[in-house]
Every structure is written in C-alpha cells, then in structure tokens.
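Enquirer: Got a predicted model here, sequence first, then my questions.
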Amino acid sequence: MEPTEIAGLLKKERFPLEVKGITEFRGQVSVTVGKGKIVEILQFLHDTPELSFDYLEDLCGMDYLGRKEPRFEVVYHLYSMDHRHRIRIKAEVPEEDCVIDSVVDIWEGANWHERECLDMFGIVFNGHPDLRRILMPEDWEGYPLRKDYPVEGPEKKWRGFVEVLDKAERFKQFEWKG
Amino acid sequence: MEQMEIEKDLQTRELTLNMGPQHPATHGVLRLVLELDGETVIKCTPHVGYLHRGTEKLSENRTYIYALPLMDRLDYISSMSNDVGYCVAVERLFGIEAPERAKYIRTIMSEMTRISSHIIWLATHALDIGAMTVFLYSFREREWLIDLFEMTCGARLTVSYPRIGGVRCDVSREFLDSLYKFTEEFPKRIEEYETLIDQNRIWLQRTKGIGVISARDAVHCGLTGPTLRGSGVSYDVRKHEPYDAYPFVDFEVPVGENGDVYDRYRCRMEELRQSNRIIRQCIEKMPDGHILADDAPDLDMPPEGRKRLIPDMSLSHACISLSDECEHITPAGEFYSPTEVPKGELGFYIVSDGSGMPYRMRFRSPSFVHASALPRLCKGHMVADVIALIGTIDIVLGECDR
Amino acid sequence: MTLRDIAKKIFFLEIMKGLALTFRTMINHPVTRRYPKVKRDPFPGFRGRHAFVRDSETGREKCVACLKCSIVCPSRCIRIEYKETEGERILERYEIEALRCVFCGYCAEVCPVCALVLTEVYEYADYSREHFLFDRERLLKNWDDFSSGLKTDTYFNKFWRPEGIDIKRMPVGKRLQEPIPIKHEEKVL
C-alpha cells in the first residue's frame, strides 16, 4: 500500500479524532497524532495483516522550543518487511504533562530507545519495566538534548568532571626529567 | 538433625560479577553486570554510556559539511560507510543527485569498508574464543585495504572522503588496478581462514546452539544486519531501498537458518565473498565523468539563512561576503534515510528548518539496539558463552553511545 | 557413520589440515615490516604535520588572513589575529593547536591562496605540550624540514586542486596555482 493511503486510512476510518495532521516530504509521510491513544494506534498498525508494521526502526524525541506548541514530540519510524512500506508517527507531548504510554509490549526493541528519550528530553514513559538514565551518569541533572540546554555544558560542573579536571591540572605541571 | 545441618551448609547463593568497562573481550567500554548461579548466567544487565560524546547535540550547532568529520567517529572501524550514509541522507533531503562515477566510487568504498570491518569482527571474535592465528592472517588483507584508503584520501582510519553531492577527489588508475588484484586473491584467503576454523570441532562446540533467537523475536527486538539474517529473515537495506550504485550490480544476500552464533558467522563469511563480487563488478562498469554534483554545497557553507554573494573575481583575495536578507538556503523538511553498514542498519533522521545547520540530527545506530538484545541472548548460558555472544552481535561502542 | 567420519573423529583430520596451513605459512616470507629499521614512505596526499608554504618571491608565508581555515576547522584549533590597513589585511598571529587537530584536511582544501598544507611527516613526537602549539615561525620551519627531505624538484599538494572537481568551483588563487619549486641546497663535502 502507498504510505499516503495508509495515512488516509488512519485518519478517516479508524482514528478520525486522534489524527491531527498528515504531511508528505520527498515520498515519506508523517502522521501527527495526540498522545492519548498512541498504544491503540500502534497496535492497530502492528496487527492489521495488510499493513503489518512488524519492525520498529526508531523511536526518538523532538524539541520545538518556541516554534510550535506542544513542545515535545515522540517520533516512531515503522517499517514492514513483508510489504516494504514505511510510515512515521509523531505523538505530541506537552511540556506540562510530559508523560506518554510505553510501547514495550508491542515491540521489545523500544526498551532502550525509550530510556534514551527520557535521558535526553525528560519524557516519562508509563509502563516501562526499567526506566532510568542510560547514556548520561545516573546522578546527572538536566536533559541535554533540549534546546535550552547549552552546548558547552551546564555552569555547575558534575562532581566527577571536577575531579578529572583537578587531576589534569596537576598532571600538566609534570616535567619530564628524561 | 545432622542431615538438616548439612543441607543448611550446602545452600548456594547467586554471585554478582562485574565485567567492567575495561576488559579485553568487551570490544570497547561496555560494562556487564552478570548474576551467576555457579557458572550459568541468570541475568545480565549491560551499562553503556562510557563513550558518549554528544554527537547529536554537536551537530545541531554545525553546518552540514562541518558535521561530516563527526560522522567518521561514530563507528570508527568502518568510517567510510558512516560518511556515505550521511551524505546519501543529506542528498535525499536536499534533492541533489550525485554523478554516476561518484556513485560507483562510493559503492566500492562502502564494500571495501564492509570487508575491512568483517575482517576485524572475524579476528576479534576468533581471538576471544581462542583461535589466535586467524587474527594475524586476516590483518594482512586489512592492511592492503587500508593502504588503498591512504592512497586515495590521505588517512587510514577516519577518512572524511565522501562529500555531499559526490566524493572529495578522484581515484587513480593505480588504485583500481591494485584493488582488482585484491579481488582476485581474496577468495583464496577466505578459504584459508575457513580451513582454520570452519570444521574445527572446538569451534563447532563453542558456537553451535549458542544464543539462539527466533526470527519473530529478532524482528521485534529490532535487530538488523547479519545478526538478523542468521535467524532466517532476509532484510537488507541494499535490496529493499537501494542507494548509490547498488541497483546496477547483482549480488546475493546470505541468510542463515537456526539463529545461533555459527549461522551468523557463516552469514558474514558469505558476505565477504559477495562484497568481493560487488567490487569486481563496480570496477568493470566504472563510468567516466565528474565526481561532484553541480549544485553540491561548498566547503564554506554559511550557517544562517543568508545567501552567499558570488565573489568579485577582480579581487586577488577571495573573501566570503553574505547578503543581508534572510532566506532559506536549504529545503525545509524531514527525512529518514537507512543505510546498510557492516554492523546492520544505520538510520539518519534529519530535520531541516531551512538554514545551513540541521535542526535535529538523530542516528539510529545498530550497535545500540544489538546491545539491548544481550540480556535475552545470554540467559541460561555460561560465562564463556557471554564472550562468544558479545562477538557475534558485533558491537562497537563508539556507535552505541554516539 | 561412514568410514570417513570415523577417521575424522579419531585422527583429528580437520585440525591436521589447519596445522598444515600454519606450517606452510611459517616457511613463507613474512608480511611484517621491521619498523623503525625499514620504513615505508607515505602515499602523496597523506595528512600529516601542518606547514606554511614559503612564497618563492618574498620568502615568507602567503596567508592573507581571510579566516576561511579558522571558520571551517571542525575542532576549532586555528586562531588568527590580523590588522586591517588600506583595504589589505596583514597577518599578526597565526596559531594551530596540533593536539586538538583531527587532521581532516579541510583547512588546506579551503585556503584560496594555497598557503597551508598538510605534509607527509608523521614522526614528530615530543616531550612537552607547548611544542605542539604551532605559530607562524614554527609552521615555516616545518615547511623547511619537509622540503629538505623531498627528492623531487616541484611540489603540488593533492588537495589544492583535487582531480575530478570542476575548475569553475575553485577561487582564482587555486586555479592559477603552479607547482612550487623546491630549492635543494648544495651539500658541502
């Protein structure tokens, strides 16, 4: 099936209230939905035999600070190996209520992707078996990939980093006596 | 009474073992916390993030060309494939078409990188299991390939050779002749490696029946590449969504049956032969022409949406001058582009807002997903099998942590 | 089980085949090179130590302080200060932090007057970090060291005018760049 047809199917027949918009760019279709019934939408896409999206390629977060409301989005890239079609589902997540349901029961591979989304953006996933930081240290404060987080790092340095810088200063004084 | 006392003394407890970040067999800085009952693994928890360098955040502050050396260092063993994947993704987003010769050169480079990466996989996997000779024999071939990289672009490991819209400079006649000779000798060398380990009873006992994963589970875990194809699923991005010169060459995609370590090993050995075949065909069919598209962005692309004025040719010094109005210099939109790197499927999700810098750059790296499948694979096996499993999923921590 | 299988099991046939291959390779010529006694010259275009090309007329560097290399460097290791007089820029301070550099070669490729080059020298280890902050004089000295080791009469770096790229894309200075003559000093015996 063509991706635009699938998007149309979602919007008109099954979930007319949830689908907020459909865009197309260079042959790839994105469907923007609300976060309320996201598990049902994805379960429908996974189970229907004509669609059969059995492979979750990617799950990531997006931050649209100042550009549009709601601020965050969770983007799901789905691919079907039998029918060879692809679709992108974007679930809107507002900043005040930064929680969405987890899809680990449908695709097991979503586990670490959701942990990374929490680590980088601060979006909490309901029903995740083991939700904690994955790439940053456990006691890190702040969510690095948000747009208001500085590239150089926070002003208050992490305690492990302060130790390393201390040692580096001391070792710079080392003279090779040869 | 005595029997009960003896039985109380014989209670066993689980041992928590830390296979720390520094370990010769973990192929990087991977930390595994194993809970053992005797020698059998009950639970395995991987901890990653020791090599996190913030590539996604850094690329949001750099122009598209400026961010290219960052892509080299994602999977530092097969750096050419990462660059090709990035350039293909940006070209698809911008709507630029690379010239024919550049496509063939990039395909040759991708396949050379595939051979080189599989050689390192074979060498380290065999070394961890105990077959040390394969390591030294296979590095002979890798040295040949790396010398060819040096001949073309000046660097051996982290090349910044592909460019958005083509490649950086042309390949010489000497390069193609030497590479053709390599493709004639390489099949004999593959047979040498197979003589050493393929039918060896120790190898068979260590790899057959270990880490079995069914096709359905593998797809649901998100595995890709040879790790998935060992379970019988024939998914290869080069066949499903071809890019560069892959539609014009013919090759087969090897698929396993049982989904254990031995089948994945056979898949990768067959892939070495198929890559050899692709390189031969590309050299024979190589067209002439330019290697960079006309509308490819320049090296000093401006970061903001201000168009660059054509420099005044009368000045002997060429300085950058920018106009004052803001406008889109790149198309605005989003695109997800998958590529087949040696480890699996590397996906680039790029969101552009019209300026010279990407708004969001996301890498879907295969090593991240494969490392998340380790707990499921390790359950019920022994500690020595954990080493074989880390080798078979073929992770590189640079790509896992980005 | 056939006779062949039984023989294979008792006499370790596949292990013998592997050992035969290993013993044959022992007799063959080794593929390793005995560095540092035997060295291989790097291929032309190898990205090694940075150097400023000496202009054959003025004897100094050709840099015009256009700041292109500083802007395009991915690791931001080039620092430039200049003075502007009468529409011309005069270079005051030029520093490359070689320890931050990733040797991508973008600076040599983007320079419009072919002033900067990445030579083929790779053996320049030192004992202190200060020696790796290359300033103007040091960069010119690097060029002298490199050109005295060259055996050819002229030098033209691969990335100044890469082959296959349309000549219309390049600025004027690069289009007109000729191979640089190398002066070999007469050895006094």
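Expert: Yep, it's here. Computed from a prediction, not measured in an experiment: that's the story for all the values here.

Enquirer: Tell me the first helix or strand C-terminal of whichever strand or helix holds residue A:41.
Expert: Residue A:41 is located in helix A:38-47, with elements delineated by DSSP states H and E. The first helix or strand that comes after helix A:38-47 along the chain, using DSSP H and E, is strand A:55-63.

Enquirer: average pLDDT for whichever helix or strand comes after that next one?
Expert: Counting by DSSP H and E, the next helix or strand C-terminal to strand A:55-63 is strand A:72-79. Throughout strand A:72-79, pLDDT has a mean value of 91.

Enquirer: Distance from strand A:72-79 to the middle of the chain?
Expert: Relative to the centre of its chain, strand A:72-79 is centred 7 Å away, using C-alpha atoms, centre = their mean, to the nearest Å.

Enquirer: strands paired with the very next helix or strand once past it, and their directions?
Expert: Proceeding N to C from strand A:72-79, the next assigned helix or strand is strand A:86-93, under DSSP H and E. Within its sheet, and counting by DSSP bridges, strand A:86-93 is paired with strand A:28-33 (parallel), strand A:72-79 (antiparallel).

Enquirer: Out of those strands, which one sits most buried?
Expert: Of all the strands paired with strand A:86-93, strand A:72-79 has the most neighbours on average by mean count of other C-beta atoms under 10 Å in any protein chain shown, namely a mean of 22. All C-beta atoms are positioned from the backbone trio N, CA, C, and that covers glycine.

Enquirer: Please work out which residues outside it touch it.
Expert: Identification of contacts with strand A:72-79 by C-beta atoms under 8 Å, 6 or more residues apart in numbering or on different chains yields A:32, A:35, A:42, A:45, A:53, A:55-64, A:85-95, A:98, A:100, A:103, A:117, A:121, A:123, B:336, B:347, B:349, B:364.

Enquirer: Out of those, which end up buried?
Expert: Buried residues within the contacts of strand A:72-79, counting neighbours by 16 or more other C-beta atoms under 10 Å in any protein chain shown: A:32, A:35, A:42, A:45, A:53, A:55-64, A:85-93, A:98, A:100, A:103, A:117, A:121, A:123, B:336, B:347, B:349, B:364.

Enquirer: Give me the residues contacting the longest helix belonging to chain C.
Expert: Longest helix of chain C, by residue count under DSSP state H: helix C:13-27. The contact list for helix C:13-27 (C-beta under 8 Å, 6+ apart) reads B:133, B:137, B:192, B:195, B:196, B:197, B:199, B:200, B:201, C:7, C:8.

Enquirer: and if you look at stretch B:100-109?
Expert: B:80, B:84, B:87, B:98, B:161-162, B:165-167, B:170-171, B:179, B:244-246, B:249, B:278-279, B:282-283, B:285-293, C:164.

Enquirer: does any part of the top helix by length along chain A sit near chain B?
Expert: Among the elements of chain A assigned as helix by DSSP H, the one spanning the most residues is helix A:159-172. No - interface with chain B: helix A:159-172 contributes nothing (C-beta under 8 Å from any C-beta of the partner chain), its closest point being 11.8 Å away.

Enquirer: what is the rounded mean pLDDT of that helix?
Expert: 85.

Enquirer: and if you look at stretch B:54-72?
Expert: 88.

Enquirer: give the contact list for the residue most central in space within chain A.
Expert: For chain A, the residue sitting closest to the mean C-alpha position, by C-alpha atoms, centre = their mean, is residue A:60 at 2.3 Å. Residue A:60 sits next to A:74, A:75, A:113, A:116, A:117, B:349, B:362, B:364 when contact means C-beta under 8 Å, 6+ apart.

Enquirer: The fourth one - how many residues pack around it?
Expert: Think residue A:116. As a burial measure, residue A:116 scores 22 neighbours (other C-beta atoms under 10 Å in any protein chain shown).

Enquirer: And for the residue of chain B found nearest chain A, the neighbour number?
Expert: Of all residues in chain B, residue B:222 sits closest to chain A, at 2.8 Å by C-beta to the nearest C-beta. Neighbourhood size, residue B:222 [other C-beta under 10 Å]: 28.

Enquirer: ditto for residue C:58
Expert: Residue C:58 - counted by other C-beta under 10 Å - has 8 other residues nearby.

Enquirer: quick check, it in a helix?
Expert: No - counting by DSSP: H, G, I helix; E, B strand; the rest coil, one finds residue C:58 to be coil, located in no helix.

Enquirer: The residue nearest the centre of chain C: what's it in contact with?
Expert: By C-alpha atoms, centre = their mean, the mean C-alpha position of chain C lies nearest to residue C:47, the distance being 2.3 Å. Residues counted as contacts of residue C:47 (C-beta under 8 Å, 6+ apart) are B:154, B:155, C:103, C:104, C:105, C:118.

Enquirer: roughly how far apart are the fourth one and residue B:209?
Expert: When C-beta to C-beta, to the nearest Å is the yardstick, residue C:104 and residue B:209 sit 46 Å from each other.

Enquirer: now do the third one
Expert: Counting by C-beta to C-beta, the gap from residue C:103 to residue B:209 is 46 Å.

Enquirer: okay, these two: which has more neighbours?
Expert: Taking other C-beta under 10 Å, residue C:103 and residue B:209 do not tie; residue C:103 has more neighbours (19 against 14).

Enquirer: how about the more buried one, what does it touch?
Expert: B:155, C:47, C:48, C:118.

Enquirer: any chance of those in JSON lines, plus pLDDT and distance to residue C:90?
Expert: Formatted as JSON lines, those follow (pLDDT from 0 to 100; distance: C-beta to C-beta, whole Å):
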{"residue": "B:155", "pLDDT": "87", "distance to residue C:90": "34"}
{"residue": "C:47", "pLDDT": "89", "distance to residue C:90": "29"}
{"residue": "C:48", "pLDDT": "88", "distance to residue C:90": "29"}
{"residue": "C:118", "pLDDT": "88", "distance to residue C:90": "25"}
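
Enquirer: Who wins on neighbours among those?
Expert: Using other C-beta under 10 Å as the neighbour test, the contacts of residue C:103 are led by residue C:47, with 26 neighbours.

Enquirer: can you give me the mean pLDDT across the longest helix of chain C?
Expert: Mean predicted confidence for helix C:13-27 is 86.

Enquirer: Quick check: chain neighbours aside, which residue is closest to the residue in chain A that chain B sits nearest to?
Expert: Nearest to chain B, among the residues of chain A, is residue A:109, at 2.8 Å (C-beta to the nearest C-beta). Distances taken as C-beta to C-beta, 6 or more residues apart in numbering or on different chains place residue B:222 nearest to residue A:109, at 2.8 Å, with adjacent residues excluded.

Enquirer: In this structure that neighbour contacts residue A:54, no?
Expert: No - counting by C-beta atoms under 8 Å, residue B:222 stays clear of residue A:54, with 10.5 Å between them.

Enquirer: what's the domain layout of chain C?
Expert: C:1-31, C:50-181 (automatic domain parsing).

Enquirer: sorry, back to before: in the sheet, which residues pair with the residue nearest to the centre of chain A? Tell me.
Expert: residue A:75.

Enquirer: Show me what counts as buried in the longest helix of chain C.
Expert: Quick answer for helix C:13-27 (16+ other C-beta under 10 Å): C:14, C:18, C:21, C:25.
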